[in-house]
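# compute the structure for the input listed below.
(2 chains, ligands or ions: 4)
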Amino acid sequence: MNQKENPMSEVTIPTINFKARAMELLPEGASFEACLTCGLCSSGCPASGLENMDPRKFIRMAMLGMDKELSTTPWVWLCTQCKRCQHVCPMNIDISQLVFLARGNWPEEKKPAGIVRSCQLARATDSTSAMGLPPQDFVFVVEDVLAEVQETQPAFKDMVAPMDRAGAYFFVNQNSREPMSEPDEMVPLWKIFHLVGADWTYSSKGWAAENFCMFSGDEAAWYEVVKKRVDAVNALGCKVWLNTECGHSYYTMWNGIQRFGLEANFQLENLVTCYARWIREGKLPVNANWNSTGIKFTVQDPCQIIRKAYGDSLAEDMRFVVRSLVGDENFIDMQPNRSANYCCGGGGGFLQAGMTEHRRAYGKRKFDQIQATGATYVLTPCHNCHSQMEDIGHHYGGNYQVVHFWTLICLSLGILGENERTYLGPDLASLGL
Amino acid sequence: MNDRVENTMIQEARHFETDLAVIGSGLAGFAASTFALNRGIRTAQAGNTGAVAYTTGYLDLLGRVHNEDVCPVTDPWQGLRQLRQSQPLHPMARVSEDDLRAAFREFTSFISDCGIIYNAPGQFNATALTPAGTLKPTLCVPATMQAGVDALARKARCVIVDFKGLRGFSARQVVANLKDTWPELRAERVLFPEMETGEIYPEVMARALEVPAHRQALAERIRAVVGDAEVIGVPAVLGMHNPDLVMAEMMRLLGRPIFEIPTMPPSVPGIRLREMFEQVFPQKGLVLIPQQKVDKVVFNADDLQLSLSDNFGPITIRAKAVILATGRFLSGGLTAAIDGIREPLLGLPVTQTASREDWYHLQYMDKRGHEIHRTGIEVDDKFRPLGENGQPVNDRLFAAGLILAHQDWIRGRCGAGVALASAYKAVEAVQELLR
Ligand SMILES: Cc1cc2nc3c(=O)[nH]c(=O)nc-3n(C[C@H](O)[C@H](O)[C@H](O)COP(=O)(O)OP(=O)(O)OC[C@H]3O[C@@H](n4cnc5c(N)ncnc54)[C@H](O)[C@@H]3O)c2cc1C
Ligand code: SF4
Ligand code: SF4
Ligand code: SF4
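Ligands and ions are numbered 1, 2, ... in the order given. Coordinates of the predicted model:
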């Protein structure tokens, strides 16, 4: 399954004693000995059946001491660690912890090369960018794009994109995909900040959002990346680390800070929360008037920020934002949703892992759920969800587009530039230009 | 975790103020919240998946009065009158017939309004199909199963269709069990579209059928085997979120009624109910903390406080009253240890046999049932748990559901009956307290 694996490699995967490790890991009352073998976890897990494994089977094999099989099953790279199994389990058993353990146990050269590489790159520069974009390049791209917008879009000639500005309220992180391959996609967010008068800054260090080290199961590397980011925020003295539209970036930081006991002199916040607040406060006067033809929208709740972190409060904020943007009657909730949502199959490093066929099989559940809504647009504040849903849409012949929130906010406000429309369908491609 | 971290990475501890806190998300907890919402009582609820996720979808009132009874009860209201005589401590014996009818009516109409249509409680039990093709008495069935009850009563020409790869449901077994009394019944097996290989789960099929294209594909395959059947039975997979629409669409495509038969757990009708409640309650203003257990309850003079935590951090709920609906052993409402059975959250006294040896009769299938199945906590007529002294432990504390003593819901076929009856009365008492 690992195409880039070195064929000469003699390395074998050591065997873990899952039962013993689980005793240390799982909180009291949630040890897998309590498993009722009811199958609720497997029934609602999109990875069930892949590589002839499912979460209940994983637990049972662990109980039976089938450690060798579990230590080597490639299925641990197909479970996205979305924790849906735990959500539906009457005993609150968290299989993803064992999966994390198993992943970490694989020798580096056996792990999916894409995940390993993304983690290595994140550690290679002060950017912590999984695409390896060094600080000076990030600074250059930001300046370059900003200059062009100031020049070509007169309404934004005074817009800023501050870098390393000490004492700014928000420290804003950035998914590498934008500066690396679609720099114009940064602009809508800058416009939003400009409009609400946000006191914000980028940082040349620790600016990147994504963190595949967690998905590689490498705790030391996960720590290293989070530490760099925490240090960068502390150094600038920002009050809030504002997470961009990216799910696992939030989770790796939030969970990592607690897990590693890091001293973080700031709060963590999510863009969706800010969007909701700014709309409520009237700072972002969005409305749905533009949607005169009644285009239907749905949302994907990223597990990393909903089920695995904030819970349903953020899901509610997200729905408030969507309804404000597209009109109440044009919003159709995906089923199931909020904390009960299914992972799309882009999580856990799946998109980087090169196991395309499995990833799409996993994603078929999500594809069906999107189809069932009948919506032609899916909004999601997560880059992984975004890429995965686009991919399965193309693969299975869906007729929907996947868009970022910032795109739609700027569209609604009539300030979305010509180059900032990559993800809009033909029906909206030139609306308001 | 060290203190500094708690202070520095600002974690807001969330706090909720409410009138009623419901502990438990089984049928009793969901029913209590339903009744409370309908009465305008501010409510917060917490709990893991309860037994509701395993249920057949049938809401049983009373199927058997005495464990030894051979014939099932056909008129459950009549049965209840007997129950009041012979088992005055049974939780349902504390509830009047009017209240029980009202509880079932209110609950079924609530879930129907929320998108899972159920029939209203009638005078008689329906005879419904079980996953194994045996029959059981029950009071309320989902609309998606009604045509099965009718077909069985009429012994209609019927085909039961199952799916390759689906465990826990076999059309052939259903037919084998019923053939003697239902000659016009036959079994067929088809491949579920796009799930032709490997093990498949009812939940996955049900979600797939929310998509029109999959309904069409399945209808085509069923049409190929339907023959001259007047009515079609399938395992319970007709949609998850819109079961009535999915059923109607399949009916339209196939040109005849189609009904669901429950499958073994994990079964769709239970997951349906759970997902519906989890979605609808917050929309109606209830504070729902899904999938978390309450760690501690502290009673003060004028209120009480619940402590729990979820993935995001600690939560406290301050309320005026609390309903304990934590179930029995399966859900952790009771725990069994060497020295006896305990109620772990509040340490309430548990009525149980004197020694462990008496928990079970020698034969598992013993007609008399087992004493352990009557274990539980004692309550008064207001469903307030009683302490060792026989007095209510606290005026703000109520209990509902399977945690109550003196009922063997499995043999009595009265799971929903116990849950709804006690939840109804507990909420009534809460309302009185809050007044
Ligand atoms: C396999 C199966 C099939 C069934 N089929 C039927 C049927 O066909 N018809 C029928 O009428 N009935 C059926 N029942 C019974 C029915 O499900 C129960 O009557 C119903 O669920 C009521 O139970 P309850 O709410 O009291 O307890 P449960 O459903 O057991 O729920 C207890 C709840 O309390 C929670 N809890 C426990 N401790 C805590 C704590 N400390 N903090 C917070 N929450 C806590 C649990 O997580 C759970 O949510 C079936 C039950 C099972 C197990
Ligand atoms: S849902 Fe929980 S109890 Fe049920 S089989 Fe899975 S791990 Fe075991
Ligand atoms: S974490 Fe998600 S993908 Fe992994 S076993 Fe659980 S439900 Fe399946
Ligand atoms: S890709 Fe999206 S849905 Fe999947 S785990 Fe990540 S956040 Fe969740």
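# can you list the low-confidence ranges for the chain?
Just so you know, I chose chain A. Scanning chain A with the threshold set as pLDDT under 70 gives A:1-10, A:27-30.
# switch to chain B, that's the one I care about
Applying pLDDT under 70 to chain B flags the ranges B:1-12, B:354-370.
# output the longest helix belonging to it.
When chain B is parsed with DSSP state H, its longest helix is helix B:415-434.
# please name the nearest non-neighbouring residue to residue 287.
By default, I'm working from chain A. residue A:412 (6.4 Å; C-beta to C-beta, 6 or more residues apart in numbering or on different chains). Any C-beta I mention is one placed from the backbone N, CA and C, and that applies to glycine too.
# let me rephrase: I mean chain B.
Excluding its sequence neighbours, the residue lying closest to residue B:287 (C-beta to C-beta, 6+ apart) is residue B:44, at 3.9 Å.
# quick one: contacts for the one you found?
B:16, B:18, B:20-22, B:286-289, B:306, B:317, B:319 (C-beta atoms under 8 Å, 6 or more residues apart in numbering or on different chains).
# from residue A:362, how far out is the residue nearest to residue A:53 when sequence neighbours are not counted?
Leaving out its chain neighbours, the residue that sits closest to residue A:53 by C-beta to C-beta, 6+ apart is residue A:75, at 3.9 Å. To residue A:362, residue A:75 is 11 Å away according to C-beta to C-beta, to the nearest Å.
# count of neighbours near residue B:150?
Using other C-beta atoms under 10 Å in any protein chain shown, residue B:150 has 14 other residues around it.
# mutual contacts of residue A:75 and residue A:362, please.
A:47, A:50.
# unless I'm mixing things up, residue A:303 is touching residue A:86, no?
No: using C-beta atoms under 8 Å as the test, residue A:303 is too far from residue A:86 to be in contact (10.8 Å).
# higher neighbour count, the two?
Using other C-beta under 10 Å as the criterion, residue A:303 and residue A:86 rank with residue A:303 on top: 28 against 21.
# mind checking how far that one is from residue A:394?
Per C-beta to C-beta, residue A:303 is found 22 Å from residue A:394.
# same deal with residue A:86?
Separation of residue A:86 from residue A:394 (C-beta to C-beta) stands at 31 Å.
# how long is stretch A:125-138 from one end to the other?
End-to-end span of stretch A:125-138 (C-alpha to C-alpha, to the nearest Å): 11 Å.
# mind listing what's buried along that stretch?
For stretch A:125-138, a neighbour-count test (16 or more other C-beta atoms under 10 Å in any protein chain shown) marks A:125-133, A:135, A:137-138 as buried.
# before we move on, what about stretch B:141-151?
Under 16+ other C-beta under 10 Å, the buried positions of stretch B:141-151 are B:141-149, B:151.
# again, but for stretch A:111-121
Going by neighbour count (16+ other C-beta under 10 Å), the buried part of stretch A:111-121 is A:111-121.
# what about that stretch and ligand 4, touching?
No: against ligand 4, stretch A:111-121 shows no contacts by C-beta under 6 Å from any ligand atom, the least distance being 13.5 Å.
# about what we covered before: for the longest helix of chain B, name the packing helices and strands.
With contacts taken as 3 or more C-beta pairs under 8 Å, 6 or more residues apart in numbering or on different chains; DSSP states H and E, helix B:415-434 sits against strand B:20-25, helix B:27-38, helix B:97-113, strand B:321-324, strand B:397-399, helix B:409-412.
# just list whatever residues bridge to the residue nearest to residue B:22 when sequence neighbours are not counted.
Spatial nearest neighbour of residue B:22, excluding adjacent residues (C-beta to C-beta, 6+ apart): residue B:45 at 4.2 Å. Beta-bridge partners of residue B:45, counted by DSSP bridges, are residue B:22, residue B:288.
# ok, residue B:45 to ligand 2 distance?
21 Å (C-beta to the nearest ligand atom, to the nearest Å).
# that residue contacts residue B:292, doesn't it?
No: between residue B:45 and residue B:292 there is no contact, the gap being 10.4 Å when judged by C-beta under 8 Å.
# these two: who's more crowded?
residue B:45 (28 against 17).
# mind listing what the more buried one touches?
Shown in contact with residue B:45 (C-beta under 8 Å, 6+ apart): B:21-25, B:29, B:32-33, B:281, B:286-289.
# give me that answer again for 7 Å
By C-beta atoms under 7 Å, 6 or more residues apart in numbering or on different chains, residue B:45 lies in contact with B:22, B:25, B:29, B:33, B:281, B:286, B:288.
# the last one reaches residue B:278, doesn't it?
The reference is to residue B:288. Yes: when contacts are counted by C-beta atoms under 7 Å, residue B:288 is listed as touching residue B:278 (6.4 Å).
# returning to what we had before: who has more neighbours, residue A:75 and residue A:362?
residue A:362 (30 against 23).
# make sure the more buried one is indeed in a strand.
No: assigned with DSSP: H, G, I helix; E, B strand; the rest coil, residue A:362 falls outside any strand and is helix.
# before we move on, the earlier item: of the helices and strands packed on helix B:415-434, which is nearest ligand 2?
Judged by C-beta to the nearest ligand atom, the one of the helices and strands packed on helix B:415-434 that comes nearest to ligand 2 is strand B:20-25, at 14.5 Å.
# what's the spacing between the residue nearest to residue B:287 and chain A?
Distance of residue B:44 to chain A, given as C-beta to the nearest C-beta, to the nearest Å: 13 Å.
# check the gap between that residue and residue B:345 for me.
From residue B:44 over to residue B:345 the distance is 16 Å, taken as C-beta to C-beta.
# which residues touch the spatially most central residue of chain A?
Central residue of chain A (C-alpha atoms, centre = their mean): residue A:247, 2.6 Å from the mean position. Residue A:247 makes contact with A:302-305, A:382, A:384-385, according to C-beta under 7 Å, 6+ apart.
# repeat that for 8 Å
Here residue A:247 is in contact with A:302-305, A:347, A:381-385 (C-beta under 8 Å, 6+ apart).
# present the residues you listed as CSV; the columns should include secondary structure.
Output for the contacts of residue A:247, formatted as CSV (three-state DSSP):
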residue, secondary structure
A:302, coil
A:303, coil
A:304, coil
A:305, coil
A:347, coil
A:381, coil
A:382, coil
A:383, helix
A:384, helix
A:385, helix
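# helix, strand, or coil at residue A:13?
Following three-state DSSP, we place residue A:13 in the coil state.
# just give me the neighbour total for it.
Neighbourhood size, residue A:13 [other C-beta under 10 Å]: 15.
# good, wrapping up.
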